[in-house]
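> this one's structure only:
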């Protein structure tokens with residue numbers, strides 16, 4: 001998979017998520033739809049503290065390296081779901097149960113999708129299905 005095709009900001013989000021052991025990171029490319037955002041970056045955290053730590057790391061790295069802050073936040077104290085809206089992209093961090101319930105990948109199944117392999121030391125509930133760069137499921 002060639003992550004270099006993704007914008008550097010999205011790659012930075014992925015790295016921040018991986019730093020906090022996020023699992024099943026998926027990028028949905030909405031740029032061709034002319035919608036409210038260009039990308040969704042979705043991942044799973046396995047506890048409330050991990051969901052919040054992932055969000056915190058994404059915010060910290062984007063501010064530290066690019067001086068970017070979210071335009072909007074949702075679920076700050078939630079253990080199941082948190083959202084960071086940066087305008088051109090939206091970060092969704094879900095618990096396993098919430099991710100299955102909302103199933104954004106199914107809702108946006110017709111857009112290019114990039115599934116990022118879990119790092120070897122990441123905590124995982126199950127192994128994600130890896131797709132080739134831009135392949136739709």
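Happy to help now that I have it. Values in this document were obtained by computation on a predicted structure and should not be read as measured data.
> And the strands in this structure, which stretches?
Across the chain, reading from the start of the chain, the strands by DSSP state E fall at 23-29, 39-44, 72-74, 81-85, 89-94, 113-116.
> May I see the ones you listed organised as TSV, with mean neighbour count and mean pLDDT added?
(Glycine included, C-beta is placed from N, CA and C.) Putting the strands of the chain into TSV (neighbours: other C-beta atoms under 10 Å; pLDDT from 0 to 100) gives the following:
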stretch	mean neighbour count	mean pLDDT
strand 23-29	22	97
strand 39-44	25	98
strand 72-74	12	95
strand 81-85	20	97
strand 89-94	24	98
strand 113-116	22	94
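> Now render these as CSV, adding distance to residue 53.
Putting the strands of the chain into CSV (distance: least, C-beta to C-beta, whole Å) gives the following:
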stretch, distance to residue 53
strand 23-29, 13
strand 39-44, 12
strand 72-74, 15
strand 81-85, 10
strand 89-94, 9
strand 113-116, 18
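> Quick check: which of those is nearest to residue 52?
Of all those, strand 81-85 sits nearest to residue 52, with 6.8 Å by C-beta to C-beta.
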